[in-house]
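J.: Here is a sequence together with a model predicted from it:
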Amino acid sequence: MQLADLEIADLEIRRSCSVEHKEENTAAEGYQILHFLVVEDVNGKRQIELDAKTYSIGRYPTNGIVLNSELVSRQHAILLRVPIPKTSSYLFRIIDGNLQGKRSTNGILINGDRRFSHILNHGDEVIFSSDTRAVYLQRVTQTQHSGEPDQDIQDSKGRRIHQSIAANQSLSHLVSNGNGMNGHGIAEDFSEYGDELVSRLASIPELNPNPIVEADPAGVITYLNPAAERVFPNIHELGTKHPALQGLANVVEQLQNGHEDFLVREILVGSRIFEQFLHYIPSSDLIRSYVADITERKRSQEIIQYQASHDALTGLPNRNYFDDYLSRVILQAQQTDEKLAVVFLDLDRFKLINDSLGHASGDRLLVEVCQRLRNYLRQGDIVSRWGGDEFTMLLRNVDSADRTLKICSRLLSAFEAPFYLNEHELHISTSMGISIFPYDGKDVETLVKNADQAMFRAKESGRNNYQLYTHAMNQSALHRLSLENRLCKAAENEELIIYYQPQVSLELGRVVGVEALLRWRHPEEGLLPPSKFIPLAEETGLIVPIGYWLLRKACSQNQEWFKMGLPPLRLGINLSAHQFKQQGFINSLRDILAETELDPSSLDLELTESIVMEDVDENIDKMRQLRDMGINLSIDDFGTGYSSLSYLKCLPINVLKIHQSFVRDITTNPNDFAIAMSIITLAHSLNLKVIAEGVETMEQMELLRSSGCDEMQGYLFNKPIPPEELEIVVNNNNCFWESA
C-alpha cells in the first residue's frame, strides 16, 4: 500500500467520524481506526490503546489509567466511549471529575482551553497538571479481510509512521492545528524527519490540511495548495511582505552554505503562530514550504510554563522561579556592586488556624496575606511562596542594613490589622530572617539558607520580629545538624540511658514510684539533659521511635526490679504529643506490656494539658481505652497550660502533678501557695491524687504535707539516678521521714 493511499483513507475515515458527517459510514472499506492515549507524567511516557467503554483517570491506583503525580486528583477525569449512530465506529469523550459530578482540583485543559467535557479529536492535548499531560491519537490500520496480517507502515529507517509521533516526539508537539484535523501521521515538528517527510507530504498536497507554499527565492509564488489558499487568503496581495515569503533569498543562502537541505522557522501571521518547514530544491530553484499552525501549542507551552513557575493558590512566583530570578539578579549585582537582601518569612501559628478552621479557610488566609505583602513591597522587589506558610522576598538596592530593617519593619506592620474570614477575626504575626548579598552569601543556596536560619532565631526570640543573619547562627545550625545526625542512631549505639527519680508517699514515708527521665550520653559532649535534645527530637519526628524505646526499656526495668524482690513501684513516663497521636499507639503499648510482662497497673503515663486539650474529644476516648487496660494516667505540669474545668471532670485520670514553678517559691510567694493549695483541693474533690514536683527544702515539704499533698519528688529526696543506684535507695528507705 502506498502512503498516499493510506493518508487518503485515513482522511476519509476521520471525516466520517466528525459530527458533520455522522450519517456516513465510519469505516472505509478495508480499514479500522485504533484509539490511543499517550500519557506523559513523572514516571515517563507510555502509550495506552483505548478499547474499553469507560476509563477512570487519576492518581489513585484503582483507576483504569493511573497518573503518577501528586498534583492530580485521586479521580481526575472520566473517559467515555461514544458510539457513532448507524456505524460500528466510536469516539471518546473526556469529562472532568467523576460521573457523580465532583470536579477535579486542577480541572483539565484541552489544547490550552479549560473544558468540563470534550469530544476528543486526533492530536488533542489534555493537560492534567504542570507535570502530567496526555495526547489522544487515532491510527488507521488495515483489516484482516485481505488475508494478510495487520502491519504498521514503517519508513526506511524502520520507524513506524503512525507510532513514531508517540514514541519519539515531545507531547507539546502533538496539539491540534486548530481546524480539527492534524494530518494523521504528519508531525508538526518537521525537523525529525527531513527529506523523507518532504516527499511524503508532497505526495498528497491537495488533501493535506496544512498549508503548502511553493515560491522562488525572489518570493514569486509558483504553487499554493487549498489549505494555503484558505489559511493565507491575502498572500498574493502581500507578496514578499507576507511572513511566509519573507527572506527566502537568505534562506537559500543559508542552506547552500550549510550542510542541511531544510530549515525550520517560526512566523507570525496576524495573531497566529506558524512553524514553517522550508526545503530548497536546487534543480528547479524553488523553495517548498510546509506550514503548521502552532498557536495552540505555544499557548499550551505558556500555560505549562506559568504553572511550573507560579503557585497555583496565590499566583505568586514559586520556589523554582525565585531561585532562577535571584541567580540572574546576583550576576547583575556582581557587575554593579548592588546590595541585595533575601528575606525568609514564616507565619506564626498558622497551623493552629489551618487545623481549627479548616484548609479552605487556611487557603483564603494565605491569599490575603500574599495581597498584603505585595502592597507593602517596593517596585522591583518580589515575593514568592516558598511552600506551606513560608515566603521568600528579594529586596533590591538596599544600600545598608538599616534600610533593609526599615523595609522589614513595614512588612511587620502589614500584619497589625486583623484578617477577616467569614465571621472570624484573625490576628496573626510573622517571623522574618534576613541575609544580605554579598556579606552573608554569594549564591542562591547560601543566601536562602542563612535567611532561613535567621528566621528560626526570630521564632526563638518570641515571634513577630525579624533577625539579621550572623555567623554565630551558622555555627549554631551546624551544631544542631550534627546533633540531629547523631541522635538518629543514639539508641542503636546505646548512647541513650534512663535515669529514675523517686516519688515519695507522704502517708507511708517511702518510695512508691519513679519517673523515668531520658539522658543522652553524647560521645563528645558528655551527659546531655532532655532540654538539649528532646525539642530537636520532637521537631524531626525522632521522638516517636525514641519514645517507644523508652517505654520498652523502662517497663522491662520495672519488671526486673519486681523479680528482684523490690516493693512494687509505679512507673511514670512522659508521653510526647507525636507519640500519643500515633494511629497505632495503643496497640504498640499493648505489645510492649505483653513483651515485658509488666502489670498495666504499674504504669503511669503522664500527659500535659496542651496535649489533652488539642483534640479533647478524641483524646478522651483514647485515654479511656488506656484506663480500661488498667493503666494509670496523670496530667503533668498542671496549671501551666490551658484547660477547661468542665473537661477536667471528664478526663479519665488518676493524678494531677503540680509544676515545680509553683513549688519553688511556695514558702515566700502567697500567689504560688494559693495556686498549689487550689490544685490540691480541686484534685481531692475529684478523687485524684496530687504529686508535687521540684521539692528541694524541708520547709516546702512540710507546707505541702500539711496542705494534704499525697506524694512528692525533688532533690530533697533524690535527684534522677541510674537504675542500680535507685535499687539501693529503695532498699534503704523503708521509712523515709526518719532519714529525711
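T.: Sure thing, it's come through.
J.: quick check: domain ranges of this structure?
T.: What the record gives for the chain is the domain set 1-163, 189-293, 312-469, 495-519+541-739, from automatic domain parsing.
J.: which residues of the stretch 251-400 of the chain fall in strands?
T.: Using DSSP state E, counting those that start in this stretch, the strands of the stretch 251-400 of the chain run over residues 262-269, 272-281, 286-293, 340-347, 382-387, 390-396.
J.: Looking at those, which is nearest to residue 723?
T.: Checking the strands of the stretch 251-400 of the chain against residue 723 by C-beta to C-beta gives strand 340-347 as the closest, at 42.4 Å. For every residue, glycine as well, the C-beta is placed using N, CA and C.
J.: Would you mind pulling the contact partners of the closest one?
T.: By C-beta atoms under 8 Å, 6 or more residues apart in numbering, the residues outside strand 340-347 that reach it are 326, 329-330, 333, 369, 373, 386, 389-396, 398, 404, 407-408, 411, 428-437, 447-448, 450-452, 454-455, 459, 466.
J.: Stretch 655-663 now?
T.: In contact with stretch 655-663 (C-beta under 8 Å, 6+ apart) are residues 604, 606, 632-640, 672, 675-676, 679-680, 682-683, 688-695, 700, 704, 709, 714.
J.: in it, what's buried?
T.: 655-660, 662-663 (16 or more other C-beta atoms under 10 Å).
J.: Likewise for stretch 558-570?
T.: Buried residues in stretch 558-570 (16+ other C-beta under 10 Å): 558-559, 561-562, 569-570.
J.: Could you do stretch 439-447 as well?
T.: Those would be 440-441, 444, 447, for stretch 439-447 by 16+ other C-beta under 10 Å.
J.: Save those as CSV, and put in secondary structure and pLDDT too.
T.: Below are these laid out as CSV (DSSP: H, G, I helix; E, B strand; the rest coil; pLDDT from 0 to 100):
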residue, secondary structure, pLDDT
440, coil, 90
441, coil, 92
444, helix, 95
447, helix, 96
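J.: before we move on, the earlier item: of the contacts of strand 340-347, buried ones?
T.: Using 16+ other C-beta under 10 Å as the burial test, the contacts of strand 340-347 include 326, 329-330, 333, 369, 373, 386, 389-396, 398, 404, 407-408, 411, 428, 430-437, 447-448, 450-452, 454-455, 459, 466 as buried.
J.: quick revisit: quick one: buried ones out of the contacts of stretch 655-663?
T.: The buried subset of the contacts of stretch 655-663 (16+ other C-beta under 10 Å) comprises 604, 606, 632-639, 672, 675-676, 679-680, 682-683, 688-695, 700, 704, 709, 714.
J.: show me what contacts residue 465?
T.: 412, 431-432, 458.
J.: whoops, residue 71 was the one
T.: By C-beta under 8 Å, 6+ apart, the residues touching residue 71 are 106, 128-132.
J.: out of these, which are inside strands?
T.: By the criterion of DSSP state E, membership of the contacts of residue 71 in strands covers 128-129, 132.
J.: sorry, back to before: same list, the strands of the stretch 251-400 of the chain, but as a markdown table with mean pLDDT please.
T.: Listed next are the strands of the stretch 251-400 of the chain as a markdown table, based on pLDDT from 0 to 100:
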| stretch | mean pLDDT |
| --- | --- |
| strand 262-269 | 91 |
| strand 272-281 | 92 |
| strand 286-293 | 91 |
| strand 340-347 | 95 |
| strand 382-387 | 94 |
| strand 390-396 | 95 |
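J.: and of these, who's closest to residue 620?
T.: Closest to residue 620 of the strands of the stretch 251-400 of the chain is strand 340-347 (C-beta to C-beta; 30.3 Å).
J.: export the closest one as CSV, just CAs?
T.: Extracted in CSV, the C-alpha atoms of strand 340-347 (Å, rounded to 0.1, in the frame of the first residue of the first chain):
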residue,chain,number,x,y,z
LEU,A,340,20.5,42.6,47.8
ALA,A,341,18.5,41.3,50.8
VAL,A,342,16.8,37.9,50.9
VAL,A,343,14.0,37.7,53.4
PHE,A,344,12.6,34.4,54.6
LEU,A,345,9.2,34.8,56.2
ASP,A,346,7.1,32.3,58.1
LEU,A,347,3.6,32.9,59.5
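J.: Widest-spaced pair of the contacts of residue 465?
T.: The largest separation in the contacts of residue 465, counting by C-beta to C-beta, is between 412 and 458 at 10.4 Å.
J.: what do the two both touch?
T.: 432, 465-466.
J.: re the thing from before, when residue 412 and residue 458 are compared, which one has more neighbours?
T.: The residue with more neighbours, out of residue 412 and residue 458, is residue 458; 24 against 17, by other C-beta atoms under 10 Å.
J.: Enumerate every residue touching that one.
T.: By C-beta under 8 Å, 6+ apart, the contact set of residue 458 is 431-433, 465-467.
J.: Next, format these as a markdown table and append secondary structure.
T.: Supplementary listing: the contacts of residue 458 in a markdown table, determined by DSSP: H, G, I helix; E, B strand; the rest coil:
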| residue | secondary structure |
| --- | --- |
| 431 | strand |
| 432 | strand |
| 433 | strand |
| 465 | coil |
| 466 | strand |
| 467 | strand |
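J.: closest to residue 357 among these?
T.: Relative to residue 357, the closest of these is residue 431; by C-beta to C-beta it sits at 21.1 Å.
J.: Quick one: residues contacting that closest one.
T.: Contacts of residue 431 (C-beta under 8 Å, 6+ apart): 345-346, 348, 455, 458-459, 463-466.
J.: When you compare pLDDT across these, which one is lowest?
T.: Among the contacts of residue 431, residue 463 has the lowest pLDDT, at 85.
J.: How much space separates that one from residue 456?
T.: Distance from residue 463 to residue 456, counting by C-beta to C-beta, to the nearest Å: 11 Å.
J.: So between those two, which is more surrounded?
T.: Legend: neighbour count by other C-beta under 10 Å for residue 463 and residue 456, higher for residue 456 (18 against 14).
J.: isn't that one right up against residue 433?
T.: Yes. Taking C-beta atoms under 8 Å as the definition, residue 456 is a contact partner of residue 433 at 7.0 Å.
J.: coming back round to it: could you export the ones in strands among the contacts of residue 71 as JSON lines, including neighbour count, distance to residue 727 and pLDDT?
T.: Converted to JSON lines, these look like this (neighbours: other C-beta atoms under 10 Å; distance: C-beta to C-beta, whole Å; pLDDT from 0 to 100):
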{"residue": "128", "neighbour count": "26", "distance to residue 727": "65", "pLDDT": "96"}
{"residue": "129", "neighbour count": "26", "distance to residue 727": "63", "pLDDT": "94"}
{"residue": "132", "neighbour count": "23", "distance to residue 727": "63", "pLDDT": "95"}
